[in-house]
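K.L.:
Predicted structure and sequence below. I'll ask about it afterward.
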Amino acid sequence: MNKFLFILLDALARLPLGILYLFSDFITPVLYHIVKYRRKVVRDNLISSFPNKNLTEIKKIERCYYRYLGDQIVETLKLLHISDKELIKRVKVTNYQSVNTALVAGKNAVLLMGHYNNWEWAQEITRYFVPEAFMASIYHPLDNKDWDEIFKKLRSRWQAHIVPMNKAPRVLLNKQNMPWVCGFIADAYTWHKNDNNWIEFLNHKTWFIYGPEEIGAKVGADYFYLEMNRIKRGYYNIIFHPIASAEEQGESYPHLRLFWKEFEATIQRNPAYWLWSHKRWK
């Protein structure tokens, strides 16, 4: 790891969140007006996703998105030194008992969420699960090794085991002696030629990763959608929604299809808090 980079980030992370938000207020106009960080990607994604909104409405969402992005950066950085007490105060978790009910009964739990609001802070949920469960968080290793090490350090402060995506099936399917709970960021971009596993999402034909349901189906897991809402700056509420597949009988990957429907409804209510600066559709 680049020691200078880590020392710099570690020093910044020791600052109070109030100071870091001032830094966010500074970098937001830099990203938006000067650097114009992925402005075209964001604009194109928003216009194609909300064809019924006029340009004034699109620009309003766009500006809100960049303010959120600045906060996301400093809040993620703060994970290096934020206390458990402060995180508990800032992240409220509701309906987690439904997951524990499944775990106590010996079942496994698949948790599905998206790149919406501060998904890095969502790992706070692990403290609410029964201690006898094996907890895993699936991640996609970054190409840059320095940043990959930093993010692994950020995510390893909780009880969850950090598992690379390509090792997830082997790790989870080998856990036969205990119930497990595993979180997936399920809205990662994917595209497969001649693949029929797609849905209509935000006015786009969208292919989805189906590994989470393939793993869950092998062990009869219960599925949950983690909806993360922003209460105000620096404060969030995570709600566990059990996902039942009855409405989608006959279709492949019914739990994932229902997750995408619920996730789309979340974005429609507050569109600025999704990660619009990625190229998501071909």
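P.N.:
Nice, I can see it. Numbering: from 1, shown residues only.
K.L.:
Asn2: what's its closest spatial neighbour, skipping adjacent residues?
P.N.:
Spatial nearest neighbour of Asn2, chain neighbours left out: Asp146 (4.6 Å); criterion: CB to CB, 6 or more residues apart in numbering. (Glycine included, C-beta is placed from N, CA and C.)
K.L.:
Do I have it right that the one you found meets Lys3?
P.N.:
No: counting by CB atoms under 8 Å, Asp146 stays clear of Lys3, with 9.7 Å between them.
K.L.:
Neighbour count: these two, which is higher?
P.N.:
Set Asp146 next to Lys3 and count neighbours by other CB atoms under 10 Å: Asp146 wins out with 13 against 8.
K.L.:
quick one: the more buried one is in a helix?
P.N.:
Yes: counting by DSSP: H, G, I helix; E, B strand; the rest coil, Asp146 is part of a helix.
K.L.:
which residues touch the longest helix along the chain?
P.N.:
Using DSSP state H, we find that the single longest helix of the chain is helix 55-78. With contact meaning CB atoms under 8 Å, 6 or more residues apart in numbering, helix 55-78 is reached by 9, 12-13, 17, 20-21, 23-25, 27-28, 31-32, 37, 39, 42-43, 46-47, 50, 53, 117-118, 120-121, 154, 233-234, 271-273, 276-277.
K.L.:
Let me know the next secondary structure element after it.
P.N.:
helix 84-90 (DSSP states H and E).
K.L.:
helices and strands around that following helix, which ones?
P.N.:
With contacts taken as 3 or more CB pairs under 8 Å, 6 or more residues apart in numbering; DSSP states H and E, helix 84-90 sits against no other helix or strand.
K.L.:
If you count neighbours, what's buried in it?
P.N.:
Within helix 84-90, the residues scored as buried using 16 or more other CB atoms under 10 Å are Leu87, Arg90.
K.L.:
Could you do stretch 118-138 as well?
P.N.:
Applying 16+ other CB under 10 Å to stretch 118-138 flags 118-127, 129, 133-138 as buried.
K.L.:
quick one, helices of this protein?
P.N.:
Assigned by DSSP H, the helices in the chain fall at 3-13, 17-29, 39-49, 55-78, 84-90, 97-104, 145-155, 168-173, 211-219, 254-269.
K.L.:
for the helix or strand of the chain with the lowest mean pLDDT, packing partners?
P.N.:
None of the helices or strands of the chain scores lower by mean pLDDT, DSSP states H and E than helix 145-155, at a mean of 76. Applying 3+ CB pairs under 8 Å, 6+ apart, we find helix 145-155 packed against helix 3-13, strand 134-139.
K.L.:
my read: Phe10 touches Leu80, true?
P.N.:
Not quite, residue 10 is Asp, not Phe. Yes: with contact defined as CB under 8 Å, Asp10 reaches Leu80; the gap is 5.8 Å.
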